[in-house]
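Novice: sequence first, predicted model second:
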Amino acid sequence: MINKKKVINRRSLIGISLISGSSLLFSCKGNNRNETSLNSEKKVYNLKMVTTWPKDFPGLGTSASRLASKINSASQGQINIKVFGAGELVPAYESFDAVRNGVADMCHDSPYYWISKHPATVFFSTLPSGLSSSEQTSWLLYGGGQELWKELYNKFGLIAFPCGNAGLQMFGWFKKEINSLDDLKGLKVRMSGIHAEVLSRIGAITVNIPGGEIMTSLQTGVVDGVEWGGPWMDLAFGFHKIVNYCYGPGLHEPGLNTSLTINKKIYESFPDKLKNIIKLCCYSEISESLAEFNYRNALLHKELIEKYNVKFKLLPEDIIKSWIKTSESVIKEISNKDNISSRIYKSWNDYRQKAKNISKYYDLGFLEARKNYSLNNK
């Protein structure tokens, strides 16, 4: 016979546990909250976010605005972020210093823009021939990348979280057909970060131009080719109106990671509840942004071909071989910068090797099989 009293008690305990667990999740403080913490949690934080892209530009710009809206909403009005596109408050490439110096409270960027601040920043963005988008996120969240990133940025009075991923990029748009490595040599190509170093070593002339200036540079002949993103973002810029050769895969950016970089003093002034909201909203935007990029790129790839007669081509074999070999050398050089660069490289490279070893049984194996044996291949 069932003891009804025991059943009731057991149910009561479960209910109490659920209520307590929910309270802990949303308060982030448990039962030891004092009057000071209550007051700090009622404070409203009006924050300025600068970005390294034009405001609400499809993909990267819209992701920045969406992230700000998520944080504002989840905080129930305690955080109020106002977004400024590149050039509205500070120029794109001054965002890092603007946050350090208190001109802005945070910036939406990609860490590879800050290679002049410290070469190892590139590991937290994307590296030529490095990690795929999913691998990059795995290393940051579970492979020790986030902890190393925190240690590196502490030197600058900043803290950052991954907050988006644009997936695999296209290698670039060119005015003429590229049939070999010799065709690439001497061309002036817009490319930024550590990728530009690799490209220059295999023979091209690299030009680092912020996103908002790329189209004008292509129109006026300042550059012969440009690298920016994929079909979605590139169609919005209108590259197809000037050139119609687009090459892939984007060996330079296999999984572009974006970040929310915050002034550390500002961040530490937040109660734990708001810190947790910021982190969780950033993590949410990683999956949402990548899903949107993958979806829209697939649709607009078709439109660029059928409506605008864009010629998508694969990079020639000799460029691929030269690129990967040179990438390995450039990345290894970064590891010799200082102790933290060495430790970041070791952590990143150890995981990359493990990811390479298993890939033939996972994504790589599946994609190869689908390509070779699908009945409706074209």
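Specialist: Ah, there it is. Residues are numbered from 1 along each chain as shown.
Novice: against which helices or strands is the longest helix anywhere in the chain packed?
Specialist: Here the longest helix in the chain is taken by residue count, with DSSP state H as the criterion, and it is helix 272-308. For helix 272-308, the helices and strands in contact under the criterion 3 or more CB pairs under 8 Å, 6 or more residues apart in numbering; DSSP states H and E are helix 60-74, strand 79-84, helix 133-142, strand 158-167, helix 231-237, strand 256-263, strand 311-314. For the C-beta atoms, the positions are set from N, CA and C on the backbone; glycine is no exception.
Novice: what about the residue sitting nearest the centre point of the chain, distance to Leu300?
Specialist: Against the mean C-alpha coordinate of the chain, by CA atoms, centre = their mean, the closest residue is Asn257 at 1.7 Å. Relative to Leu300, Asn257 is positioned 22 Å away (criterion: CB to CB, to the nearest Å).
Novice: got the phi and psi for the nearest residue to Ser132 once chain neighbours are set aside?
Specialist: The shortest distance from Ser132 to any residue other than its chain neighbours is 4.9 Å, reached at Gly255 (CB to CB, 6 or more residues apart in numbering). Geometry field for Gly255 lists phi and psi as phi -170, psi 70, criterion degrees, to the nearest 10.
Novice: next one: Ser116
Specialist: phi -70, psi -20.
Novice: distance of it from Ser322?
Specialist: 26 Å.
Novice: go on, Val226?
Specialist: Between Val226 and Ser322 the distance is 20 Å, computed by CB to CB.
Novice: cool, Met233 as well?
Specialist: As judged by CB to CB, Met233 and Ser322 stand 26 Å apart.
Novice: one more: Tyr361?
Specialist: From Tyr361 over to Ser322 the distance is 29 Å, taken as CB to CB.
Novice: higher neighbour count, the two?
Specialist: Taking neighbours as other CB atoms under 10 Å, Tyr361 and Ser322 compare with Ser322 leading, 17 against 9.
Novice: need the pLDDT of that one.
Specialist: Model confidence at Ser322, given as pLDDT, is 97.
Novice: that one: what's it in contact with?
Specialist: For Ser322, the contacting residues are 181, 202, by CB atoms under 8 Å, 6 or more residues apart in numbering.
Novice: quick check: it is in a helix.
Specialist: Yes - checked against DSSP: H, G, I helix; E, B strand; the rest coil, Ser322 lies within a helix.
Novice: gap between it and Ser129?
Specialist: Distance from Ser322 to Ser129, counting by CB to CB: 11 Å.
Novice: right, and Leu60 touches Trp53 too?
Specialist: Yes - shown here, Leu60 and Trp53 form a contact pair, counting by CB atoms under 8 Å, at 4.4 Å.
Novice: burial of Ala329, as a residue count?
Specialist: One correction, residue 329 is Ser, not Ala. Quick note: Ser329 (other CB under 10 Å) scores 11 neighbours.
Novice: in the stretch 1-150 of the chain, which spans are helices?
Specialist: According to DSSP state H, counting those that start in this stretch, the stretch 1-150 of the chain carries its helices in the segments 4-27, 35-42, 60-74, 95-100, 133-142, 145-154.
Novice: one step back: okay, angle between the longest helix of the chain and strand 256-263 too, please.
Specialist: Using axes from the mean of the first three to the mean of the last three CA atoms, to 10 degrees, one finds that helix 272-308 and strand 256-263 are set 150 degrees apart in direction.
Novice: okay, buried residues for helix 272-308 please.
Specialist: Counting neighbours by 16 or more other CB atoms under 10 Å, one finds that the buried residues in helix 272-308 are 273-278, 281-282, 285-286, 289-290, 292-294, 296-297, 300-301, 304.
Novice: which residues of the stretch 1-150 of the chain score low on pLDDT?
Specialist: Applying pLDDT under 70 to the stretch 1-150 of the chain flags the ranges 1-41.
Novice: next: the stretch 201-350 of the chain.
Specialist: Counting by pLDDT under 70, not a single residue of the stretch 201-350 of the chain qualifies.
Novice: buried residues, the helix or strand hosting Val330. List them.
Specialist: Element membership of Val330 [criterion: DSSP states H and E] is helix 317-335. Taking 16+ other CB under 10 Å as the basis for neighbour counts, the residues of helix 317-335 that come out buried are 319-320, 322-323, 326-327, 330-331, 334-335.
Novice: what about it, distance to the chain center?
Specialist: With CA atoms, centre = their mean, to the nearest Å as the basis, the distance from the averaged C-alpha position of helix 317-335 to the chain average is 21 Å.
Novice: quick one: residues in contact with the helix or strand just after it.
Specialist: The element immediately downstream of helix 317-335 (helix or strand, assigned by DSSP H and E) is helix 339-359. Among residues not part of helix 339-359, those counted as contacts by CB under 8 Å, 6+ apart are 118-120, 123, 127, 130-132, 135, 138-139, 143-145, 148, 151-152, 331-332, 334-336, 365.
Novice: are any of those buried, and which?
Specialist: The neighbour count (16+ other CB under 10 Å) marks 118-120, 123, 127, 130-132, 135, 139, 143-145, 148, 152, 331, 334-335 as buried among these.
Novice: OK, contacts around the closest residue to Ser129 other than its chain neighbours?
Specialist: On the basis of CB to CB, 6+ apart, the spatially nearest residue to Ser129 that is not a chain neighbour turns out to be Ser327, at 4.2 Å. Contacts here follow CB under 8 Å, 6+ apart; on that basis Ser327 touches 127-130, 198, 251.
Novice: now Ser327: how far from Pro249?
Specialist: Computed as CB to CB, the Ser327 to Pro249 distance reads 13 Å.
Novice: then Gly61?
Specialist: Distance of Gly61 to Pro249, given as CB to CB: 24 Å.
Novice: stretch 151-163: how far from the chain's middle?
Specialist: The chain centre lies 15 Å from the centre of stretch 151-163; the measure is CA atoms, centre = their mean.
Novice: now tell me what touches it from outside.
Specialist: With CB under 8 Å, 6+ apart as the contact definition, stretch 151-163 has outside contacts at 63, 67, 96, 99-100, 108, 111, 117-118, 120-121, 124, 137, 140-141, 146, 149-150, 257-265, 267, 278-279, 281-283, 285-286, 340, 344.
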